[in-house]
Every structure is written in C-alpha cells, then in structure tokens.
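Trainee: Next comes the sequence, and after it the predicted model I'd like to discuss.
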Amino acid sequence: MRVRWLLIGWIFVISAIAYLDRVNVSIAAKAIATDFHLNYIEFGWVQSAFVLGYALFQAPGGRIADRLGPRIVLTAGVIWWGVFTVLITILPSGSRSALWLLIAVRFGLGIGEAVVYPASNCIVASWVPAAERGVANGLIFAGVGFGAGLTSPLITYILIHHGWRAAFWCSAALGLAAGTVWYILARDTPGGHPWVSTQEQQEITAGISGALPTVESHRLSWGEIFGNRDILAVSFSYFTYGYAAYIFFSWFFVYLNDVRGLNLRDSSHYTMLPFLAMALGSPLGGWISDWITRRRGKRLGRCGIAVAGIACSAVFIALGTLCDDARVATIILAGGAGALYLSQSAFWSVSADIGRRSAGSVSGVMNMGGQFGGALTASLSPAIASHFGWSASFLTAAGLCACGALAWLFVDPESNRADRKPTALKHF
C-alpha cells in the first residue's frame, strides 16, 4: 500500500470524528436545551457560535499549517477540540450565564476544528499527484458523511441509556485516540517519512511538479489570495455550499422530529440518510472529477462536476420541501445532500492546485466562506421557519445553491495559478 493513501485514509477517520464532535450537539439539542433552559432560537446561537469560531480561524489555521506543517498542527487541533468537547459537559446548567458559557465553549471548539481541512489540504498538496487529488479529497470528505451519519444512532443510543454528557465524553475520547495515531503515522512531506519507497517518492514528485514544471512556487501573501478572482468565486460558491450543508448538520434531526412528526428513534435513523448520501457522493464525485480531468482537462473535470453537483442539489432540496410524506421527503432531501457532496472534491482540488505551497492558506480562505454560510444557516434557518415555515428555510438553501453553481462558470483553474509571479495573477 502506498503511504500517501494510508495518510489519506487516516484523515478520513479524523474527518469522521471531527463531524461526530460537531453534529453531536444537534442530536442532543432537546436534552441540552432542556438542561440549560434554552429555546430553539437561543440554541441556534449556540450552533452558530461553533461555526463562527470555525470560520474565523480557517485562514489563520491554514497559514499556521503552511508554516508549522500539518502533522503537528492537526495533532494539536485534535487535542484542543477534545478538551472543549468535554468542557460543555461540566458547565453549570442553572446559572444565568449558562447560555453565554455554552456559546463561548462552542466557539472555542470551532477554533480547534478550524485547522482540520486546511491542514489536510497541505497533505494533499505535498503528498498527492495532481491527477489523484479528486479521489483523495473525495475520500477525506467521505468522512464528513460517515461521521455525521454515525453520529445520529450512536449519540441517540448513548443519550437514551447514559445521558448526553456521556455521549460527549465518548466523542472526545475517540478524537484523542485518532490524534495520537496521526502523530505516529504522519510526516509533513514524503521525503521525511521512513516508510516511503523510492518508487513512491518518484511518483509523487513527478505528479506534483509535472502539473506546472516551469513556474517557481512561492508562498502567497494575503493580498495575492484575496485579489485573485478565481479564489473569491470558489469561496463564494463554498459559502452557498456551506449554507445548504449546515441545514442537515444543524437542524435536520429537529426538523424530522418536530416538524415531520417522526419519533426519536425514527428520526435518528432517517437523519442518517443525507449523511450516508454525502459519504457516497464525495468519493464518487472525486473519482468522476479525476476521470474527466485526465481526458478533458480541469476546466470540465473540476468546474463542470461542481456546477452539475450543486445545481442538482438545488433541485432536490426544492423538491423535498414539496413532498407531503415525511419518509419520501427525507429520501429526496438526502439526494440533495449527496448531489451537493459530488462537488466537494472539486473545491479542495482546485484550491490545492491554485495554492500549491500555500494550499493551507488558500483552502482556509475558501473554507472560511463555507463556514460563514454554515454560521448563517444555523441561526437564520429557525428564524425563517418561525415566520414563514420550514419549507421556506430549505428553499432559501436551494436558491443559494443555484447561485453557487453559477459562480463556478467564472473559474478556470487551467489558465490561472496563484503561485505564479504576482504580475501573472488575475485581479479585479
């Protein structure tokens, strides 16, 4: 087995646990809200606090990963978020400041998790040949669906039998174990890993340098990153992507339980469907993207799959709101989640291609856009629902997805590279 795929496989595990640690709060929403005397609007602030901390520290987290290396940064991040996952269980639930303490702890958890995907993109940029990046990113983000899907039955079971605090302790323990293994397995570059063979080293070097052999790579300034219109277009699209995705992460369980009338056990089972669709859609989209890229180039292979996936997601999400049967609606909405994740690898492959030595920073900026979208939907979705109904909340997500698909029409990863000399950049 190639060492690069061992590392990608373990990032899949870390990705799954990261989403277990962030989605567990939505599964335990009723129990936590009852303990802390919160309504769903207030609980939406708690949800948004995590995403806001996560969003604000994407770009700094990516820059830190570029400078210190993904091995140590990802290990430190896992330890950080394990501590903050436990902290929520020891907060005093009866105090007047309980809401603000919850918000502060969830914000801190978001800071810790912010390094995960920028650091993983540093691994992709340093370890994975350009022609394999779609599959690599597809596998990494399959962990999102796998972890989020596993969360629902696992957290529900522990919550019913042992309470929500025990569920959070288990989540933290899994993260700490995964972080320890990562530190043992990982190295920042193939040249520093004792298990990498000469053949694999040559494959990686040829696959990375062969993408653009004549251009000198340099670390990008923030001005170069924020002045690049392709990066900004991808970041806007990821904002719309994040808005739609976080409806499933933050409110889908509550939606099925309270709005669609499913009981707790059925809600936990049907909540798995969108996340299983994500877990399937992500590697499938990565494989399709790589296959098309090898034959027709990145413009079609990366941008084309992103346009198709996000546009189909908009259609499925809109149709799901029109269905009266709760179970059929769940299946249609799950199709929307799966279609959305068909485009996932395109975002991260393009950001690695553009960023190269600054892949962490570029992907951090992009992911910051996605998480601002997630923070907005965590608070805005229940607010829209309270005035216009939950169908309006999902239709808002569908409309934004349509805009996100259009944004990719303005991206051309083959004609633009952010690591060229600054005079070659396309600026506004």
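Mentor: Everything's here; your move. Predicted, not measured: the structure shown is a model, and the values here were computed from it. Numbers count the residues shown, from 1 in each chain.
Trainee: so which strand or helix has the closest residue to residue 391 other than its chain neighbours?
Mentor: Counting by CB to CB, 6 or more residues apart in numbering, residue 391 lies nearest to residue 321, which is 4.2 Å off, once chain neighbours are set aside. For every residue, glycine as well, the C-beta is placed using N, CA and C. Assigned by DSSP states H and E, residue 321 belongs to helix 305-322.
Trainee: Contacts for that helix, please.
Mentor: Helix 305-322 is contacted from outside by 237, 240-241, 244, 281, 285, 288-289, 292, 329-330, 332-333, 335-337, 339-343, 346-347, 390-391, 394-395, 397-399, 401-402, 404-406, 408-409, using CB atoms under 8 Å, 6 or more residues apart in numbering.
Trainee: same deal with stretch 370-383?
Mentor: For stretch 370-383, contacts defined as CB under 8 Å, 6+ apart pick out 40-41, 44-45, 47-48, 50-52, 54-55, 58, 235, 238-247, 249-251, 393, 396-397, 400.
Trainee: Just those residues: which are in helices?
Mentor: 40-41, 44-45, 47-48, 50-52, 54-55, 58, 235, 238-247, 249-250, 393, 396-397, 400 (DSSP state H).
Trainee: Can you give me the neighbour number for the residue nearest to residue 391?
Mentor: If you count neighbours by other CB atoms under 10 Å, residue 321 ends up with 19.
Trainee: swap in the one 3 residues further on?
Mentor: Around residue 324 there are 7 other residues, counting by other CB under 10 Å.
Trainee: returning to that earlier point: from residue 250, how far off is the residue nearest to residue 391?
Mentor: Per CB to CB, to the nearest Å, residue 321 is found 17 Å from residue 250.
Trainee: Over to residue 5?
Mentor: Between residue 5 and residue 250 the distance is 32 Å, computed by CB to CB.
Trainee: Show me which of these two is the more surrounded one.
Mentor: Using other CB under 10 Å, the more surrounded residue of residue 5 and residue 250 is residue 250, with 28 against 16.
Trainee: OK, contacts around the more buried one?
Mentor: When contacts are counted by CB under 8 Å, 6+ apart, residue 250 touches 26, 44, 47, 374, 377, 378, 381.
Trainee: how far away is it from residue 132?
Mentor: Per CB to CB, residue 250 is found 33 Å from residue 132.
Trainee: what mean pLDDT would you report for the strand or helix carrying residue 391?
Mentor: Residue 391 belongs to helix 390-407 when assigned by DSSP H and E. When pLDDT is averaged along helix 390-407, the result is 93.
Trainee: now stretch 278-288
Mentor: On average, the pLDDT along stretch 278-288 is 91.
Trainee: And that stretch, how far out from the chain middle?
Mentor: Relative to its chain's centre, stretch 278-288 lies at 14 Å (CA atoms, centre = their mean, to the nearest Å).
Trainee: from here on, count from 35
Mentor: I'll keep to 35 as the first residue from here, and by that count the last item is stretch 312-322.
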